[in-house]
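Asks: give me the fold of what follows.
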Amino acid sequence: MATNGSKNINVAIVGMGNCASSLIQGIYYYGQKNSDDAAGLMHENLDGYHPRDMRVTCAFDIDKRKVGKDVSEAIFAKPNCTKTFHEDVPHMGVKVQMGRINDGYSEHMKNYPDERTFLPSNETEPDKAAVVRALKEAKVDVLTSYLPVGSQKATEFYVECALEAGVAFVNNIPVFIASDPVWAQKFVDAGVPIIGDDIKSQLGATIVHRVLTDLFAKRGVPLDNTYQLNTGGNTDFLNMKNQLRLKSKKESKTEAVQAVAAERMEDEHIHVGPSDYVAWQNDNKVAFIRMEGRLFGDVPMHIELRLSVEDSPNSAGVAIDMIRCAKVAMDRGISGALEAPSSFFCKHPPVQFTDEVAYQKTEEFIANK
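Replies: Numbers count the residues shown, from 1 in each chain. Below is the predicted model:
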């Protein structure tokens with residue numbers, strides 16, 4: 001089992017987009033904070049690991065504006081459009097390497113302005129041996145994936161690289177790996193952990209929708225109809241304009257809500273999923289949630305909610321804990337899909353729990369109880 005043998009967590013990132021930018025900004029932002037001024041973190045100290053202990057030692061992307069650049073420059077390159085909350089990211093001495101394209105790029109994106117879309121590099125794509133070698137040379141502990149939604153083949157390529165290199169894997173996207181028993185067993189056999197699938201934001205549409213759905217169930221209010229509509233202007237939303245790439249995303253988001261409903265809802269009564277791309281929103285995501293139910297005496301009621309968040313920092317607030325949990329599992333010699341952290345941090349984990357139970361199980365995992 002791979003480990004760098006130090007207090008640091010060496011991280012490899014696939015996809016240097018908005019989410020990677022927020023994560024890396026956050027590592028340095030919280031690295032300057034003391035314990036009395038660490039607002040925004042779920043765990044400042046996670047079994048001895050602070051955000052400042054994380055080091056990005058390897059990175060991959062396919063955009064020509066990022067490949068070959070130092071990570072500190074790449075995270076602010078177009079088409080990234082997330083909020084800059086920490087400009088002072090030092091030169092890291094880590095160049096972004098050319099990654100595998102596979103199905104990570106949707107052809108429809110070439111029809112949009114350069115500053116809004118990916119511009120694939122002409123550099124030679126690496127084979128598996130090259131990526132495995134890069135991970136080993138960088139002494140990577142955890143490989144985390146921010147590939148675009150719908151990147152099934154590209155995700156499987158990097159998963160195979162992680163398995164061969166003996167590093168943990170954090171799957172932030174709705175390609176089902178941790179929740180697939182066949183893939184999960186491969187991580188057991190390789191002796192390394194995986195957390196997935198499809199990251200929940202720190203306080204986003206899915207977690208809010210889940211909490212309200214669970215509230216309906218606990219208060220005896222039948223949930224007759226519900227929808228969640230989302231709009232945004234980042235490359236994630238632009239990528240998802242290709243409906244063929246949305247099957248797993250829609251399934252992941254829908255099942256996250258269905259899992260906490262008192263009774264499973266018929267398909268025609270629930271709609272949860274990305275809705276449209278609005279360029280001027282940039283990395284701001286707006287969610288519209290409606291829930292229709294019946295109170296005492298079958299008297300109707302409904303909730304309508306509008307949630308506006310900066311999408312990528314919202315994601316990074318969870319990713320920073322996922323990576324540390326993966327490293328903790330490696331330290332303890334735990335392999336395979338991590339049931340507790342996956343259930344708390346992800347929309348489509350191997351096992352679905354209510355958020356209350358998932359939270360408790362994750363705290364017990366961190367405390368090693």
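Asks: can you pull up the bridge partners for the nearest residue to Gly93 once chain neighbours are set aside?
Replies: Distance criterion CB to CB, 6 or more residues apart in numbering; nearest residue to Gly93, sequence neighbours excluded, is Asp70 at 7.0 Å. Quick note: C-beta positions are derived from backbone N, CA and C, even for glycine. Beta-bridge pairing for Asp70 (DSSP bridges): Lys95.
Asks: what's the mean pLDDT across the longest helix anywhere in the chain?
Replies: Determined from DSSP state H, the single longest helix within the chain is helix 311-331. Helix 311-331 shows a mean pLDDT of 98.
Asks: still on that earlier bit, give me the neighbour count for the residue nearest to Gly93.
Replies: Neighbours of Asp70 under the rule other CB atoms under 10 Å: 17.
Asks: any idea how far it is from Val89?
Replies: Going from Asp70 to Val89 by CB to CB, to the nearest Å gives 10 Å.
Asks: same check, this time on Ile62
Replies: Ile62 sits 22 Å away from Val89 when distances are taken as CB to CB.
Asks: comparing these two, which residue is more hemmed in?
Replies: Ile62 (25 against 19).
Asks: how far away from the center of its chain is the helix or strand bottoming out on mean pLDDT in the chain?
Replies: The weakest-scoring helix or strand in the chain, judged by mean pLDDT, DSSP states H and E, is strand 270-277 (a mean of 89). Distance of strand 270-277 from the chain centroid (CA atoms, centre = their mean, to the nearest Å) equals 18 Å.
Asks: buried residues, it. List them.
Replies: 270-275, 277 (16 or more other CB atoms under 10 Å).
Asks: which residue comes closest to Gly40 once chain neighbours are left out?
Replies: Gly317 (6.3 Å).
Asks: thought His43 was touching the one you found, still the case?
Replies: No. Gly317 lies out of contact with His43 (CB atoms under 8 Å); the separation is 10.4 Å.
Asks: before we move on, the earlier item: isn't the residue nearest to Gly93 right up against His91?
Replies: Yes. Between Asp70 and His91 there is a contact under CB under 8 Å: 5.6 Å.
Asks: what's stretch 354-361 in contact with?
Replies: In this structure, residues lying in contact with stretch 354-361 by CB atoms under 8 Å, 6 or more residues apart in numbering are 207, 210-211, 214, 260, 339-340, 343-344, 353.
Asks: filter those to the buried ones?
Replies: The buried subset of the contacts of stretch 354-361 - by 16+ other CB under 10 Å - is 207, 210, 214, 260, 339-340, 343-344, 353.
Asks: now, those residues that are in strands?
Replies: Counting by DSSP state E, the buried ones among the contacts of stretch 354-361 place none of their members in strands.
Asks: okay, and for the stretch 1-150 of the chain, where does confidence drop off?
Replies: 1-6 (pLDDT under 70).
Asks: what about the stretch 151-300 of the chain, any weak spots by pLDDT?
Replies: Using pLDDT under 70, nothing in the stretch 151-300 of the chain is flagged.
Asks: strands of that one, residue ranges please.
Replies: Secondary structure of the stretch 151-300 of the chain (DSSP state E, counting those that start in this stretch): strands located at 168-171, 193-195, 223-232, 270-277, 284-294, 300-310.
Asks: reformat those as a markdown table; add distance to Cys325.
Replies: Listed next are these as a markdown table, based on distance: least, CB to CB, whole Å:
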| stretch | distance to Cys325 |
| --- | --- |
| strand 168-171 | 9 |
| strand 193-195 | 6 |
| strand 223-232 | 27 |
| strand 270-277 | 26 |
| strand 284-294 | 25 |
| strand 300-310 | 23 |
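Asks: out of those strands, flag the one nearest Glu107.
Replies: strand 270-277 (15.7 Å; CB to CB).
Asks: could you dump that closest one to PDB, C-alpha only?
Replies: This file holds the C-alpha atoms of strand 270-277, laid out as PDB (Å, rounded to 0.1, in the frame of the first residue of the first chain):
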ATOM      1  CA  ILE A 270     -40.100  13.500  -9.000                       C
ATOM      2  CA  HIS A 271     -37.700  15.500 -11.100                       C
ATOM      3  CA  VAL A 272     -34.200  16.100  -9.900                       C
ATOM      4  CA  GLY A 273     -31.500  17.200 -12.200                       C
ATOM      5  CA  PRO A 274     -29.500  19.900 -14.100                       C
ATOM      6  CA  SER A 275     -31.700  22.100 -16.100                       C
ATOM      7  CA  ASP A 276     -29.900  24.800 -18.100                       C
ATOM      8  CA  TYR A 277     -26.800  26.700 -18.900                       C
END
